[in-house]
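K.L.:
Quick one: sequence plus predicted model below, questions after.
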Amino acid sequence: MKETKQKDNIGKYVLLIAGAILILIPLLVTIFSSFKKTKDIMENFFGFPNPGTWDNYARLLSDGIGRYFWNSTVITVLSVLVVMAFVPMAAFALARKMSRSKAFSFMYLFLILGIFVPFQVIMIPITVMMNKLGLANMWGLIILYLTYAIPQTLFLYVGFIKMNVPVSLDEAAELDGAGKFTTYFKIVFPMLKPMHATTLIINALWFWNDFMLPLLILNKDSKVWTLPLFQYNYTGQYFNDYGPSFASYVVGIITITIVYLVFQKNIISGMSNGAVK
Amino acid sequence: MKFKAFCSRNWAWLFLIVPVLLQLIFFYFPMFQGAFYSLTNWTGLTYNFDFIGLNNYRILMSDPKFMKAIGFTLIITACMIVGEIGLGIWIARALNSKIKGRTFFRAWFFFPAVLSGLIVSLIFKQVFNYGLPKLGTMLGIKALETSLLGTTTGAVIAVIFVMLWQGVAMPIIIFLAGLQSIPQEIIEAAHMDGANNKQVFWKIELTYLLPSISMVFIMALKGGLTAFDQIFALTGGGPSDATTSLGLLVYNYAFKNNQYGYANAISLVLFVLIGIVSLVQIRLSRKYEI
């Protein structure tokens, strides 16, 4: 009995270590390559940089990565903020009204239907439309992120409010003379904290990593590129010279890694909560 | 005063108005527009188009590119489902046992989920083009001496590998949560009654994991059917369209060939596929999650 258990454990260690290495290798290669000259990358792909160089990063800076990093940051932060400003509010109204009113339960379905529609269905019309409206820019992108974050985010908030924010609370506040607006902002909104953390993480990661919408809406004007769009175009532009592109991947990975290290617990629980659609 | 009274009477609608308007303008309107365009021969370059009924759908049925894309999309979807569930449970079980460095391993195995699919694919593209051939030559493995991305089979394998490399992270965490919800007494009792590890896995753990499995199944299915970013960056759909997914085909027809109407018809086929899947999902989740 004891022996099989030990054998079992060895098997598990082998699996986990092999898996961990498989995850590590491409990341390590990226970091190494970002310090190599192109010739070194070609000849010595898996090895240490020899000799190491900061040239790729210098080039990246002079090619304006700062601007793209800033664009991505602004878009992510503003989008997350508008989602938080509008969606929990709507969720509160729905959670209170939909069990008693047909109109509101219809509104609920109307707002979450997007979960079931693949993006490709609206991809072409929305691209044409944003161009026509003069919204093929950062502001347009933020509007679209808010719109497309609504179904899932709303779904999560409505469920949370129904479970954790009792109606008696509203009634108590109203007895004290508070209107619905005061009740929502002063009492309900702060109570949604755990759900704020979840939705913030899911949405921020999506906005930060997203490639498709920026590709459709922002690709024409290189000044407004987001980081992923820059990384993609940069790789194509220097297709014989990989060092700088590897450096640009490192910038993206490092940012995410820092955020991940700081908020690890929240991110893991938030993303798995969010997956339960 | 009147304004205030109006606000307090209609507060719920005021709370809803912005999301409703946004969905109407930027989601429902383009969705119906897309359905309409799928019945036209619009190129997207001019504002002229003819209404051609179901002609696009008829052409679709005999379009070899479409057939190829459907085939490839179904292959990666099947591989994602099997891979994410199989590997996910396997690794989650290892992570759930009493081993050293558990916390580290959990955090590390989840890490790919927070990376952008685009960067992951761009990195692997270089690994497949410059790294693996080196390794192949060194180890004398013929199949690896040239880039995997250069052959049709190789490219398909490469796409599946990269999508699983990243895609399995989330299922691991979901399965781990499922495993942790199993009451320890039940497993101990089963062992007392003489059940071996295999029986415990098949008879007890798997039953408890069913809700997680149905969830990962749907996730993998949707992810596979709509795959775009990773393929776009890794292979661009090549060589000779061997790795063009439905999602990528829509993009190519629309923005490279300027066949907006036709591309919309393809996206509607995708919509129907996902719609069927979603209905099954709703049924399943009603059955398992009470």
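P.N.:
Nice, I can see it.
K.L.:
contacting residues for residue 213?
P.N.:
I went with chain A, as the question did not name one. Listed by Cβ atoms under 8 Å, 6 or more residues apart in numbering or on different chains, the contact set of A:Leu213 reads A:Leu141, A:Leu144, A:Tyr145. From N, CA and C alone the C-beta is placed, and that goes for glycine too.
K.L.:
that's the wrong chain, I meant chain B
P.N.:
B:Ile213 is in contact with B:Ile85, B:Ile89, counting by Cβ under 8 Å, 6+ apart.
K.L.:
what about it, distance to chain A?
P.N.:
Distance, B:Ile213 to chain A, using Cβ to the nearest Cβ, to the nearest Å: 13 Å.
K.L.:
and what of B:Ile187?
P.N.:
Distance, B:Ile187 to chain A, using Cβ to the nearest Cβ: 14 Å.
K.L.:
Report the contact partners of that residue.
P.N.:
B:Val200, B:Ile204, B:Glu205 are the contacts of B:Ile187 under Cβ under 8 Å, 6+ apart.
K.L.:
And for the second one, the neighbour number?
P.N.:
Right, B:Ile204. For B:Ile204, the neighbour count with other Cβ atoms under 10 Å in any protein chain shown is 17.
K.L.:
How confident is the prediction for it, by pLDDT?
P.N.:
Looking at B:Ile204, its pLDDT reads 84.
K.L.:
Tell me the secondary structure of it, please.
P.N.:
helix (DSSP: H, G, I helix; E, B strand; the rest coil).
K.L.:
Tell me if I'm right that it and B:Ile182 touch.
P.N.:
Yes - proximity of B:Ile204 to B:Ile182 meets the contact threshold set by Cβ atoms under 8 Å, at 7.0 Å.
K.L.:
Tell me where the stretch 51-200 of chain A has helices.
P.N.:
Under the criterion DSSP state H, counting those that start in this stretch, the stretch 51-200 of chain A carries helices at the ranges A:55-62, A:65-97, A:102-112, A:120-132, A:138-164, A:167-175, A:180-182, A:189-191, A:193-209.
K.L.:
so which helix or strand takes in the nearest residue to A:Ile126 once chain neighbours are set aside?
P.N.:
Nearest residue to A:Ile126, sequence neighbours excluded (Cβ to Cβ, 6 or more residues apart in numbering or on different chains): B:Pro30, at 4.6 Å. Assigned by DSSP states H and E, B:Pro30 falls within helix B:29-37.
K.L.:
angle of that helix against helix A:120-132?
P.N.:
For helix B:29-37 against helix A:120-132, the angle by axes from the mean of the first three to the mean of the last three Cα atoms, to 10 degrees is 110 degrees.
K.L.:
Which elements pack onto helix B:29-37?
P.N.:
When contacts are defined as 3 or more Cβ pairs under 8 Å, 6 or more residues apart in numbering or on different chains; DSSP states H and E, helix B:29-37 packs onto helix A:120-132, helix B:260-289.
K.L.:
among these, which is nearest A:Tyr184?
P.N.:
helix B:260-289 (29.3 Å; Cβ to Cβ).
K.L.:
do that closest one and chain A meet at all?
P.N.:
Yes - using Cβ under 8 Å from any Cβ of the partner chain, helix B:260-289 reaches chain A at B:Tyr260, B:Ala263, B:Asn264, B:Ile266, B:Ser267, B:Leu268, B:Leu270, B:Phe271, B:Ile274, B:Gly275, B:Ser278.
K.L.:
and the nearest residue to A:Val74 once chain neighbours are set aside, how many residues sit next to it?
P.N.:
Of all residues not flanking A:Val74 in the chain, A:Met138 sits nearest, at 7.1 Å (Cβ to Cβ, 6+ apart). Using other Cβ under 10 Å, A:Met138 has 19 neighbouring residues.
K.L.:
A:Phe263 too?
P.N.:
The burial count for A:Phe263: 16, using other Cβ under 10 Å.
K.L.:
That one: helix or strand, and which one exactly?
P.N.:
Take DSSP H and E as the rule and A:Phe263 turns out to sit in helix A:242-275.
K.L.:
what about stretch B:75-87, near chain A?
P.N.:
No - using Cβ under 8 Å from any Cβ, we find that stretch B:75-87 stays clear of chain A, coming within 8.7 Å at best.
K.L.:
Residues contacting that stretch from elsewhere in the structure, which ones?
P.N.:
With contacts defined as Cβ under 8 Å, 6+ apart, stretch B:75-87 is touched by B:156, B:159-160, B:163-164, B:167-168, B:171, B:213, B:216-217, B:219-221, B:223-225, B:227, B:245.
K.L.:
The helix or strand hosting B:Ala78: what's the following helix or strand?
P.N.:
Taking DSSP H and E as the definition, B:Ala78 sits inside helix B:64-96. With elements assigned by DSSP H and E, the helix or strand that comes after helix B:64-96 is helix B:102-110.
K.L.:
Return the list of helices and strands in contact with that following helix.
P.N.:
With contacts taken as 3+ Cβ pairs under 8 Å, 6+ apart, helix B:102-110 sits against helix A:2-34, helix A:242-275, helix B:64-96, helix B:169-180.
K.L.:
tell me the mean pLDDT for it?
P.N.:
89.
K.L.:
Tell me how chain A divides into domains.
P.N.:
A:2-43, A:63-275 (automatic domain parsing).
K.L.:
Including mean pLDDT, could the helices of the stretch 51-200 of chain A go into a markdown table?
P.N.:
As requested, the helices of the stretch 51-200 of chain A are arranged in a markdown table below (pLDDT from 0 to 100):
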| stretch | mean pLDDT |
| --- | --- |
| helix A:55-62 | 86 |
| helix A:65-97 | 94 |
| helix A:102-112 | 92 |
| helix A:120-132 | 91 |
| helix A:138-164 | 93 |
| helix A:167-175 | 86 |
| helix A:180-182 | 86 |
| helix A:189-191 | 92 |
| helix A:193-209 | 89 |
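K.L.:
what would these look like in TSV with distance to B:Arg93?
P.N.:
Shown next, in TSV, are those (distance: least, Cβ to Cβ, whole Å):
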stretch	distance to B:Arg93
helix A:55-62	41
helix A:65-97	35
helix A:102-112	34
helix A:120-132	36
helix A:138-164	29
helix A:167-175	42
helix A:180-182	49
helix A:189-191	37
helix A:193-209	26
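K.L.:
Quick one: neighbours of A:Thr76, just the number.
P.N.:
Neighbour number of A:Thr76 under other Cβ under 10 Å is 22.
K.L.:
Surely it touches A:Phe207?
P.N.:
Yes - with contact defined as Cβ under 8 Å, A:Thr76 reaches A:Phe207; the gap is 4.5 Å.
K.L.:
Right, and chain A sits closest to which residue of the stretch 51-200 of chain B?
P.N.:
Going by Cβ to the nearest Cβ, chain A is nearest to B:Ser116 of the stretch 51-200 of chain B, at 3.5 Å.
K.L.:
which residues of chain B score low on pLDDT?
P.N.:
The model of chain B has pLDDT under 70 over residues B:1, B:285, B:287-290.
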